[in-house]
Structures are given as C-alpha cells and as structure tokens.
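S.K.: With the sequence up front, the predicted model follows.
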2 protein chains.
Amino acid sequence: MSFQHVAIIGLGLLGGSIGLAVEAHLPDVKTTGYDADPAVRERARARNLCGTIADDPVEAVRDADLVILCVPVGAMDAAAKAFAPGLLPEAVISDVGSSKLSVSQSLAKALPDHTIIPAHPVAGTEESGPDAGFSSLFHQRWCIITPPDGAAEGQIANLKSFWQGLGSTVEIMDAKHHDLVLAVTSHIPHLIAYTIVGTASDLEEVTRGEVIKYSAGGFRDFTRIAASDPVMWRDVFLNNRDAVLDMLDRFLGDLALMREAIRAGDGEMMFDQFSKTRAIRRRIVEQGQDDARPDFGRHDHE
Amino acid sequence: MSFQHVAIIGLGLLGGSIGLAVEAHLPDVKTTGYDADPAVRERARARNLCGTIADDPVEAVRDADLVILCVPVGAMDAAAKAFAPGLLPEAVISDVGSSKLSVSQSLAKALPDHTIIPAHPVAGTEESGPDAGFSSLFHQRWCIITPPDGAAEGQIANLKSFWQGLGSTVEIMDAKHHDLVLAVTSHIPHLIAYTIVGTASDLEEVTRGEVIKYSAGGFRDFTRIAASDPVMWRDVFLNNRDAVLDMLDRFLGDLALMREAIRAGDGEMMFDQFSKTRAIRRRIVEQGQDDARPDFGRHDHE
Ligand SMILES: NC(=O)c1ccc[n+]([C@@H]2O[C@H](COP(=O)([O-])OP(=O)(O)OC[C@H]3O[C@@H](n4cnc5c(N)ncnc54)[C@H](OP(=O)(O)O)[C@@H]3O)[C@@H](O)[C@H]2O)c1
Ligand SMILES: NC(=O)c1ccc[n+]([C@@H]2O[C@H](COP(=O)([O-])OP(=O)(O)OC[C@H]3O[C@@H](n4cnc5c(N)ncnc54)[C@H](OP(=O)(O)O)[C@@H]3O)[C@@H](O)[C@H]2O)c1
C-alpha cells in the first residue's frame, strides 16, 4: 500500500466508515476529511472520523495522494470541482458511488488532468450521516474497482491494496457491467422495497397501524431497505437509468407470469418457481455474505 | 387457561414450536403430536417436541380438548378428516394457517359438529420441518384469532389465554380482513421476493455467481424470504387469491408510476416517495417488531 495521505470528501456513512477503518487498519496513513455541511463536520470532529477535518475543500485535498469522494452520485461533479484547485498533480481520485458509468464520465470531465479510478464497496446499511459509520463496515465485503481504459496498473494495484487493507475483497470490473450487476442485486430491490412500502402506507382498507403490527410476516425486511437515504437513492436511479429499466422490465415480465398463475390457480407453476430460489439462498449463506441463523439475531428478546 | 390437553397436528416449524413453547410456558398442559410423515414423527420424538407422539391421527386427538392444525393451508381439510373419528364432542379445533377465510370454511365443512376457532400466529422464519421449531418463536409476536360468527365467548377467551401463555399478544379479527392485511404484510412481499430471486437467477448477462457475490446491496434480504417453504406458499396463494390479486394490482400500479419517473428523470417524484417510507420503519422498530441495529447482528464476523 503506497498511499500516505487520504482525503475523504463527504463524511456520512461511507466517508466516516473509511476514516475509522483507516485508523483501525492502516494507522500509518494520514486522513483529512471534508463535508459541505458544517454540522456534519462538527459531528465528524467529535467522533474523530479523520485525523483532520478541514473547513475548505481545497485545503482538504492539499497534500493527499488519494482522494475518495463519498457523496451522493449526483453530487460527485460539484464536489470534485470544489476541491480541484488544491489537488497534487499526481493525486489519484476515487469514489464509492453506487453506480459507476456516469460517475466515471463526470469525474473525468471535472478533473481532466487527473487519474480517476472509480470504486464501489458493496457494503452498507440503511443508516446515513456522520453518526452511522463504523470501522468494520468493509470486513468480508466486496469492493468493485472499475478502472477506465488505460489506467496505470500500479495505481490500480495501490487502490486494490488500500481496500484490502480495510478488510474487503477486491474485484476489477468494467463500469457498464458493474451497473447491470448492481441494478439486479441492489437497485431493483431498493426500488421494489420503496414501492411496496409506499403502496402499503396508502391503503384505505388496511390501516398503517395494522401494516406495522403485522410486519413480521415478511414486510419488515422491505421497510428496512426502504428506510435508506432518499437523496442517495434518487441519484442512483437518475444515474443508472438504462440498466435499472432493463432489469425492471424483466422483473415485471416474470411478475406478470406469477400473477397469471395465481389467477388461474396453477399450483404446479408456483411450486416450481418457489423451489428453485432456495439454492441461491444456500450459496449466499455459504459464502459468508449473510447469517444463517433463522432470525439474524432478532431473537434477542428471548 | 382451561385447556388441559392439546393435540398438535403437523410437526414442522409451527407445530414443533407450539409443542416446545407449551412445555416451556404451560408445563401443566399435556401435548400429543402427530405428523403424516413417519420421518417427521421420528425427529419429533428425538427432539421431544410433544409429550407423546402418536402414530395415528385418531389416537393423537383422543383425549384432547384443543386440537391445533399446523399443516399447510391446502392440507387442512384432509388432516381434519383423518383425525375426526377420534375427537371428543367438546374439543375446540384451531389452526395456525397463514390465510384464514378458506381454512375457516373448509374446516367448518370437514368437522360440522365441532367448534372451530381459527388463528394465525404472525411469527415465523424461512426454515421449515421438525428441526426448525423453537420455544420462543411466539414471544412478543402477534397472534390473530378469527372466530366465526356465533363462536362462544368462553372458548375464544380460552384460546386467547393459550396464545398469551406462549408469549403472544392476541388480536381478534374478521377472517376476510385478516386475509387482506396479511396479503400486504406477508403474501405480496413473499411473492415479490420469489419473483425477483427467480428473475436474477435466469439472467444471461449477469451470472449467478455475481448475483450471489454482490447480494449484500439489498438482494440478500429477498433471498432469505424466497427460501421459505414452497408447499406452504403455493397453498397460501391458492387460498388467498382474491386479496393477493387485489394488493398485487395496486403494487403494480405504483411500480408503473416509479418506472415512469425513472424513465423521465423525475428526481422530485422519487425523492418524495423515498422520503415517506422512513416513518413506517421507525414505528416498526419502536414497537419491537424488529431490531434497530444496522445489521441485525450480521456484524458477528467482526
Ligand atoms: N449507504 C450505502 O449503503 C452505500 C453503500 C455503498 C456505496 N454508497 C455510496 O456512497 C456515497 C455516500 O453515501 P452515504 O451512505 O455515505 O451517504 P450519507 O451518509 O448521506 O453521506 C454523504 C455526505 O456527503 C455530503 N455531501 C453532499 N454533497 C457534498 C458536496 N458537494 N461536497 C461535500 N460533501 C457533500 C452530505 O452532506 P448533506 O447530507 O448535508 O448533503 C453527507 O454528509 C453515495 O454515492 C452512495 O451511492 C452508499
Ligand atoms: N413458516 C411460517 O413462517 C409460518 C408462519 C405462520 C403460520 N404458518 C402456517 O403454519 C402452517 C405450517 O407451516 P410450517 O412452516 O410449520 O410448515 P412445515 O414446517 O412444512 O410443517 C408442516 C408439517 O405438516 C405435515 N403435514 C402435511 N400434511 C399433513 C397431514 N395431512 N396430516 C398431518 N401432517 C401433515 C408436513 O409433512 P410433509 O412435509 O411430509 O408433508 C410437515 O411436517 C401452514 O399452514 C403455514 O401457512 C407458517
């Protein structure tokens, strides 16, 4: 790992977790943080999210050899332009945005003279803000790096060992493919969860109180996902539109088939569909991406 | 609580948990269990799910003053007919089925001379079978009782205290309303989860390996729900068709609006929708129906 000084722009869940994780795992690396919101900077100082918290974006990146943007996908461009004058010529710019193609393009445009190597740690919770971060967020989680054509191998390798240092396993991927994969594994699930929670809260025949009371039947998992940050998710859907619409239309096609099976009372079709999904679950648990305990520790009320 | 001897028909997750919960919380109540599958009866004996495990349904209910059917919704009728000859005339018949109107009707037809008071403990996991049950499954969970018109108040009260004894909070509801509420809070979430997991596993451009690797972004919560028992869920959709189709069509209408907002790049509409769902989550956590820790104890790999 050859980065000596990392600047973190945006000090919410992701930015704060990176700061704390560097302190815990790479104590020789200096960190400077900046956030556009003074109240966030204050909380960041109180929680020691970075070694130094700067009040100015240009100051924040002054001596950094790695700058990581941890702002919503739609704010990357403005954030990059704000710190650009302070950058060292050799500084590498990266980010943690949940969609990669449009971020990659807008950062390349905002910082035409710098090396940009986008990344996406596939790790998160539904919490956001400067109080949400924790140092182990990236443990045993994947981090996808999407280097543009012609990026220097040495710099990719440095970014890779940085993320490995925080506990992640790194994968290199094309930005466009990343956006398609994440549309399925993350963006569509969030869209569905936001929608069904919205549907449930607008019903007349079933009260909100009833929805909340009986959520243990499956709905509560959707509410957890639907409690995620609205700005972050609005930006994801605005920036990964094509892949999201593509995957959404396939899902809608499959759902229409299920609807017809229910209407027609086709138990065999349902049984077949419901049987094949168990295998996927088994592999996720085997690969340590989830906890097999029936209730993920929800039994703490015992 | 005035039941002295409970017969449990079907010894999977629900039946086994009732047996263990009675032993733990109502030690003076006798339990006899029966399951159509000899291998399940063997495991039930090994785990002591009930005081006695009978090899014959008629024997199982012989002295019981409460019989609880814990079989898939579509098997209620056959299970009831099989034990009918052994019933005491004064025995109360109940069940734990996830849909209530059709169960209520089919049990009334199968056992015309008996008092039937259906119930649904809103508690479960994605596991099934005789090894899945545990005595605290019903702690701090709701149990909905749906008595038919004219059911004796005393018998409803007895069933209510039985479930309270196992740790549940009891609510009385009309069977039809139950089916509508549960369509939203449980059946539609399961249908959606089964469908999206199916969609994801059939893609050509994105491999199953990728879907599994990057599931931490949201998808894994759907896989957990979609790992539920296929027979149980087929039966739920066959038996709660009208309410499920009603709710599904509302969800599809809302999803079409979201799709259009994404297509048109309408960030304001998305932000508004994504903001209103947080409040529901907060109330679910407040009411103890879920765990507020960001990762529900998934951090155990720290
Ligand atoms: N949450 C997840 O699960 C997750 C997972 C992987 C990747 N990501 C990605 O990580 C990024 C950050 O997400 P997060 O969850 O950490 O969000 P967050 O907790 O809301 O933090 C983002 C922070 O950036 C600040 N900010 C906004 N515009 C800025 C600007 N121009 N300059 C400086 N600071 C600015 C925000 O301040 P204000 O709030 O005052 O605007 C906020 O404090 C997003 O791109 C997201 O897609 C998120
Ligand atoms: N799982 C949940 O989360 C949940 C929550 C609330 C309510 N419920 C309801 O509870 C009921 C049972 O679900 P479960 O999760 O406990 O399922 P389960 O673990 O699969 O157990 C059901 C048991 O019933 C047996 N069985 C099937 N037909 C029978 C018959 N005619 N006579 C006697 N035994 C028979 C099954 O044997 P075979 O497997 O050999 O057929 C199986 O051992 C269902 O009506 C379900 O809707 C489930």
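M.R.: Yep, it's here. Ligands and ions are numbered 1, 2, ... in the order given.
S.K.: For the stretch 151-300 of chain A, which residue gets nearest to ligand 2?
M.R.: With Cβ to the nearest ligand atom, the shortest gap between the stretch 151-300 of chain A and ligand 2 falls at A:G217, namely 7.2 Å. C-beta: built from backbone N, CA, C; applies to glycine.
S.K.: Distance check, A:G209 against chain B.
M.R.: 9 Å (Cβ to the nearest Cβ, to the nearest Å).
S.K.: Could you report the neighbour count for that residue?
M.R.: 10 (other Cβ atoms under 10 Å in any protein chain shown).
S.K.: cool, A:D63 as well?
M.R.: 14.
S.K.: what does A:I172 give?
M.R.: 11.
S.K.: from memory it sits against A:C143, does it?
M.R.: No - using Cβ atoms under 8 Å, A:I172 is not in contact with A:C143, being 10.2 Å away.
S.K.: Please look at the residue of the stretch 151-300 of chain A closest to ligand 2 and B:E126 and confirm they touch.
M.R.: No - applying Cβ under 8 Å, one finds A:G217 not in contact with B:E126, separated by 11.8 Å.
S.K.: picking up where we left off before, next, the residue of the stretch 151-300 of chain A closest to ligand 2: phi, psi?
M.R.: phi -70, psi 0 (degrees, to the nearest 10).
S.K.: do A:M247 as well
M.R.: phi -70, psi -40.
S.K.: Now do the contacts for it.
M.R.: A:L180, A:A183, A:V184, A:H187, A:I188, B:T199 (Cβ atoms under 8 Å, 6 or more residues apart in numbering or on different chains).
S.K.: To what extent is the closest residue to it other than its chain neighbours buried, counted in neighbours?
M.R.: Counting by Cβ to Cβ, 6 or more residues apart in numbering or on different chains, A:A183 is the residue found nearest to A:M247 once chain neighbours are left out, at 4.5 Å. The local packing of A:A183 (other Cβ under 10 Å) involves 25 other residues.
S.K.: Make sure I have this right: A:A183 is in a strand.
M.R.: No - counting by DSSP: H, G, I helix; E, B strand; the rest coil, A:A183 is located in no strand; its state is helix.
S.K.: check contacts around it.
M.R.: Contacts of A:A183 by Cβ under 8 Å, 6+ apart are A:N240, A:A243, A:V244, A:D246, A:M247.
S.K.: and if you look at A:L107?
M.R.: A:L69, A:M76, A:D77, A:A80, A:I93, A:D95, A:I116, A:P118.
S.K.: Which members of those residues define the maximum pairwise distance?
M.R.: A:D77 and A:P118 (13.1 Å; Cβ to Cβ).
S.K.: So if I had to pick from these two, which one is more boxed in?
M.R.: A:P118 (28 against 19).
S.K.: quick one: low-confidence parts of the stretch 201-302 of chain A?
M.R.: Along the stretch 201-302 of chain A, the model assigns pLDDT under 70 to residues A:289, A:291-302.
S.K.: And the helices in it?
M.R.: A:208-213, A:219-225, A:230-239, A:241-264, A:267-276, A:278-286 (DSSP state H, counting those that start in this stretch).
S.K.: So for B:P112, which of the ones you listed sits nearest?
M.R.: helix A:267-276 (26.8 Å).
S.K.: So the closest one, near chain B or not?
M.R.: Yes - using Cβ under 8 Å from any Cβ of the partner chain, we find that helix A:267-276 touches chain B at A:G267, A:M270, A:F271, A:Q273, A:F274, A:S275, A:K276.
S.K.: That helix versus helix B:230-239: what angle between them?
M.R.: 140 degrees (axes from the mean of the first three to the mean of the last three Cα atoms, to 10 degrees).
S.K.: Quick one: list the elements packing against helix A:267-276.
M.R.: Applying 3 or more Cβ pairs under 8 Å, 6 or more residues apart in numbering or on different chains; DSSP states H and E, one finds that helix A:267-276 contacts helix A:241-264, helix B:188-201, helix B:230-239.
S.K.: Please identify the most buried of those.
M.R.: Mean neighbour count (mean count of other Cβ atoms under 10 Å in any protein chain shown) peaks for helix B:188-201 among the helices and strands packed on helix A:267-276, with a mean of 25.
S.K.: Please find the angle between the direction vectors of that one and helix A:241-264.
M.R.: Using the same axes, to 10 degrees: helix B:188-201 against helix A:241-264 is 120 degrees.
S.K.: Return the residues in contact with the closest residue to A:K213 other than its chain neighbours.
M.R.: Excluding its sequence neighbours, the residue lying closest to A:K213 (Cβ to Cβ, 6+ apart) is B:W142, at 5.8 Å. Each residue near B:W142 by Cβ under 8 Å, 6+ apart is listed here: A:K213, A:Y214, A:A216, B:P121, B:V122, B:A123, B:S168, B:T169, B:V170, B:E171.
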